[in-house]
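In: Compute the structure for the input listed below.
(2 chains, ligands or ions: 2)
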Amino acid sequence: MKLLVCISKVPDTTSKINFVDNNTKFDESGVQYIVNPYDEWYALVRALELVEKHGGTVTTITVGTNADDPTIRKALAIGANDAVRIDANPNDPFFVAKQIANYASKENFDIVLTGKETINYNGSQVGGMVAELLDLPYVSLATKLNVDGETATLERDVQGGIEVVEVNTPFVLSAAKGMAEQRIPNMRGIMAARTKPLKVIPADSQEDLSSVVKFELPEAKSGCKYIDPENMNELVDLLHNEAKVI
Amino acid sequence: MSVLVFIEYKNKVSKAALEAVSYGSKIGKVSVVTYGNIDSSELEILGKYGAEKVLVHKGISSSNDQQITKLVAAAADQENSNVIVLAQDQTGKSIGPRIAAKLSAGHISGAIALPDTSNGFVVKTNVYSGKAFAHISVNTPIKVISLLANSLPPEMNEKTAQIVDFDADLGDARITVKEMKTQGEGIPLPEAELVVSAGRGLKGPENWGIVEELAESLGATTACSRPVADIGWRPHHEHVGQTGIAIRPNLYIAAGISGAIQHLAGVNGSKVIVVINTDSEAPFFKAADYGIVGDAFEVLPKLTEALNNFKASQN
Ligand SMILES: Cc1cc2nc3c(=O)[nH]c(=O)nc-3n(C[C@H](O)[C@H](O)[C@H](O)COP(=O)(O)OP(=O)(O)OC[C@H]3O[C@@H](n4cnc5c(N)ncnc54)[C@H](O)[C@@H]3O)c2cc1C
Ligand SMILES: Nc1ncnc2c1ncn2[C@@H]1O[C@H](COP(=O)(O)O)[C@@H](O)[C@H]1O
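Out: Numbers count the residues shown, from 1 in each chain, chains lettered A, B, ... in the order given. Ligands and ions are numbered 1, 2, ... in the order given. Next up is the predicted model:
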């Protein structure tokens, strides 16, 4: 089985979110980057489990600059066989999807795995775009994945419940919580990751279809109004007359 | 502008569908596209929210990403649509990006405001898990916008919708649905306007009665923090936050939840937040509109009682 896992780097979940340059750029000072949790915990780990069971390889792909290399090494330390980095500083999900699709179209991957969303852009866009560009089925928000020969059975989140679906390889998926458990890389993995192949290839030209004009922080709450725990009538009154939500 | 709104019809016209149609009608002339064996009378309500035409494909009955993408692309082609609007729900996440890629269109996912066309076409969305907003400019002739639930309430805009059959070659379904496991009754979390949520402070699953009673009295949907779902006290689909569901209800009541940044990421779009916690230093109070420093085991039943009295006095 030949699997491709799309890996992106995101600010650590506890990072302070601030912007600089007139609110057009994310303030990176003091920010730690991690592998996007959906990519790491769910997509990558499930891909590794499948290859451990059925044989095969797991390649990771990242559209990014050399600032992404530490997070790519982390994915290799967890167990991916090799990594590809498309050298670019992406600003647009279609640009990213195009690069990944171009690369994948030259190899015969059985499954392309993406995360449900990046926790900085929250677009949930790249996976579906890759699928369309490759003309492959896309199982979004998958929470379980099993493979038997050329047939995969998945569970996915849909409105009002969970769908059990069957699809033939090759296909693209986005991985959500439930698919696997987080793995902590061990010392051997970390050592091995240093020498695993990380191939850097130039990006194909593609115009951005969208661009960020500016960022904005939400207005700070004006302060919490405290209510006596013995006086819930007052809370009900405030919710009705002041907040007007009930 | 010519706007095409994709909606999914599952036994009824959903609130998300009305939000999308109403949003579209503020941008331009709206045609709607949907699929399934739907009685025309069921779709007339779309006219009240601004739809002038509804195209119904009766050849398919289940949401297959590639078929729906072809359906929307064919309808957009026929209607000469410049803007395509859909809900940012599970189906929207599956097909929105596909449609955008097929039409080489820029895609705004999770829009929370109308486009600003004073200088190009710029739409505000949630980023950094609700910790910030981005204003994103779309540079392509066709734009695909998926709308976050509960961002803009549907508004009436009386039109008469002409409901017509629409045929297009949608190819084969390459994903086969084997089974649908429905979960929970009532309003699904992403659509809920009122949510009552609890965390590890509730000590055990046997104590959730007081949470459910409050939710029932309010007509609210229940939610929980992640550790509570992880240890199996509550079902996974109730887990809100960075790795769970992101919600933006009108009212979010959180009992026994500390307010860790990853939890806040999923709920800080709520219009009003009420926090109940024994620890006056709990970080959640910084994000709260109303705070009660107290024991959830005492406060929740009192709140339910106060609500019931209030409801009785309203009748
Ligand atoms: C990458 C990452 C992603 C994460 N994603 C999520 C996510 O999506 N959602 C999420 O929720 N968490 C998430 N977490 C976990 C998060 O960091 C917190 O650990 C979690 O939210 C804490 O849950 P809690 O508030 O229920 O429990 P605790 O932190 O244990 O807090 C319990 C609270 O209850 C209060 N309490 C105790 N007894 C009572 C009582 N009788 N009455 C009232 N209050 C009482 C306590 O004072 C305390 O504030 C994530 C963590 C990481 C690292
Ligand atoms: N720059 C990137 N390089 C590789 N994969 C990416 C990149 N950005 C996003 N992805 C993948 O696409 C998924 C969805 O991202 P997004 O559309 O930004 O929410 C992520 O979980 C990753 O798996």
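
In: Buried ones in the helix ranked longest in chain B, by neighbour count?
Out: Longest helix of chain B, by residue count under DSSP state H: helix B:296-314. For helix B:296-314, the neighbour count (16 or more other CB atoms under 10 Å in any protein chain shown) marks B:Ala296, B:Glu298, B:Val299, B:Leu300, B:Lys302, B:Leu303, B:Thr304, B:Glu305, B:Ala306, B:Leu307, B:Phe310 as buried. For glycine as for every other residue, the C-beta is placed from the backbone atoms N, C-alpha and C.

In: how about the residues of the stretch 201-315 of chain B near ligand 1?
Out: Within the stretch 201-315 of chain B, the positions near ligand 1 by CB under 6 Å from any ligand atom are B:201, B:225-228, B:241-244, B:255-258, B:260, B:262-263, B:266, B:276-279, B:282, B:295-297.

In: ugh, wrong one, chain A
Out: Taking CB under 6 Å from any ligand atom as the criterion, the neighbours of ligand 1 within chain A are A:Thr13, A:Pro37.

In: Provide a list of residue ranges in chain A with pLDDT below threshold.
Out: Within chain A, no stretch has pLDDT under 70.

In: thinking again about what came up before, among the residues of the stretch 201-315 of chain B next to ligand 1, the buried ones, what's the ChimeraX command?
Out: In ChimeraX, a selection of the buried entries from these looks like this (16+ other CB under 10 Å):
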select /B:201,225,226,228,241,242,243,244,255,256,257,258,260,262,263,266,276,277,278,282,296
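
In: Show me the residues of the stretch 201-315 of chain B next to ligand 1 that map onto strands.
Out: Counting by DSSP state E, the part of these found in strands is B:Ala255, B:Ile276, B:Asn277.

In: Looking at those, which is nearest B:Ser2?
Out: Nearest to B:Ser2 among these is B:Ala255, at 48.0 Å by CB to CB.

In: May I have the beta-bridge partners of that closest one?
Out: Following DSSP bridges, B:Ala255 is listed with bridge partners B:Ala198, B:Ile276.

In: show me the contacts for A:Asp39.
Out: Taking CB atoms under 8 Å, 6 or more residues apart in numbering or on different chains, we find A:Asp39 in contact with A:Val5, A:Cys6, A:Ile7, A:Ser8, A:Ala75, A:Thr114, A:Gly115, A:Ala175.

In: Try it again at 6 Å.
Out: When contacts are counted by CB atoms under 6 Å, 6 or more residues apart in numbering or on different chains, A:Asp39 touches A:Ile7, A:Gly115.

In: do the same with the one 5 residues further on
Out: A:Leu44 is in contact with A:Val5, A:Ala75, counting by CB under 6 Å, 6+ apart.

In: wait, A:Ser8 sits on A:Asn36?
Out: Yes: if you go by CB atoms under 6 Å, A:Ser8 and A:Asn36 touch, sitting 4.8 Å apart.

In: Common neighbours of those two, please.
Out: Both A:Ser8 and A:Asn36 are contacted by A:Thr118, under the criterion CB under 6 Å, 6+ apart.

In: Quick check: the closest residue to A:Gly55 other than its chain neighbours vs chain B, distance?
Out: Closest residue in space to A:Gly55, ignoring its immediate chain neighbours: A:Met1 at 6.6 Å, by CB to CB, 6 or more residues apart in numbering or on different chains. A:Met1 is 19 Å from chain B, where distance means CB to the nearest CB, to the nearest Å.

In: can you tell me which residues contact A:Met1?
Out: A:His54, A:Gly56, A:Asp110 are the contacts of A:Met1 under CB under 6 Å, 6+ apart.

In: Does anything pack onto the longest strand along chain A? Which helices or strands?
Out: For chain A, the longest strand by residue count, based on DSSP E, is strand A:138-148. With contacts defined as 3 or more CB pairs under 6 Å, 6 or more residues apart in numbering or on different chains; DSSP states H and E, strand A:138-148 has these neighbours: strand A:151-158, strand A:171-175, helix B:90-102.

In: So in that sheet, which strands flank it, and in what orientation?
Out: strand A:151-158 (antiparallel), strand A:171-175 (parallel).

In: and among the ones you listed, the most buried is which?
Out: Comparing the strands paired with strand A:138-148 by mean neighbour count (mean count of other CB atoms under 10 Å in any protein chain shown), strand A:171-175 comes out on top with a mean of 29.

In: ok and that one relative to helix B:90-102, angle-wise?
Out: 130 degrees (axes from the mean of the first three to the mean of the last three CA atoms, to 10 degrees).

In: So what touches the very next helix or strand once past strand A:171-175?
Out: Remark: after strand A:171-175, the chain's next helix or strand is helix A:187-195, criterion DSSP states H and E. Contact partners of helix A:187-195, identified using CB under 6 Å, 6+ apart, comprise A:Arg73, A:Leu76, A:Ala77.

In: low pLDDT regions in chain B?
Out: B:184-185.

In: Map the structural domains onto the sequence of it.
Out: B:2-165, B:189-313 (automatic domain parsing).

In: Quick one: name the residues of chain A near ligand 2.
Out: Neighbours of ligand 2 within chain A, by CB under 6 Å from any ligand atom: A:6-8, A:36, A:38-39, A:61-64, A:90, A:93, A:96, A:114-115, A:117-118, A:121-127.

In: which of the residues you listed are buried?
Out: A:6-8, A:36, A:38-39, A:61-64, A:90, A:93, A:96, A:114-115, A:117-118, A:121-127.

In: Inside helices: which ones of those residues?
Out: A:Pro93, A:Val96, A:Val126, A:Gly127.

In: Phi, psi for B:Leu71 please.
Out: Per-residue torsions, B:Leu71: phi -60, psi -50 (degrees, to the nearest 10).

In: and it, what does it touch?
Out: Contacts of B:Leu71 by CB under 6 Å, 6+ apart are B:His57, B:Leu170.

In: so whatever residue of chain A ends up closest to ligand 1 is in which element?
Out: The nearest approach of chain A to ligand 1 comes at A:Thr13, 4.3 Å away (CB to the nearest ligand atom). Using DSSP H and E, A:Thr13 is not contained in any helix or strand.

In: Is it correct that it is in contact with B:Leu264?
Out: No: contact between A:Thr13 and B:Leu264 fails when scored by CB under 6 Å: they sit 10.7 Å apart.

In: The two: which is more packed in?
Out: B:Leu264 (23 against 17; other CB atoms under 10 Å in any protein chain shown).
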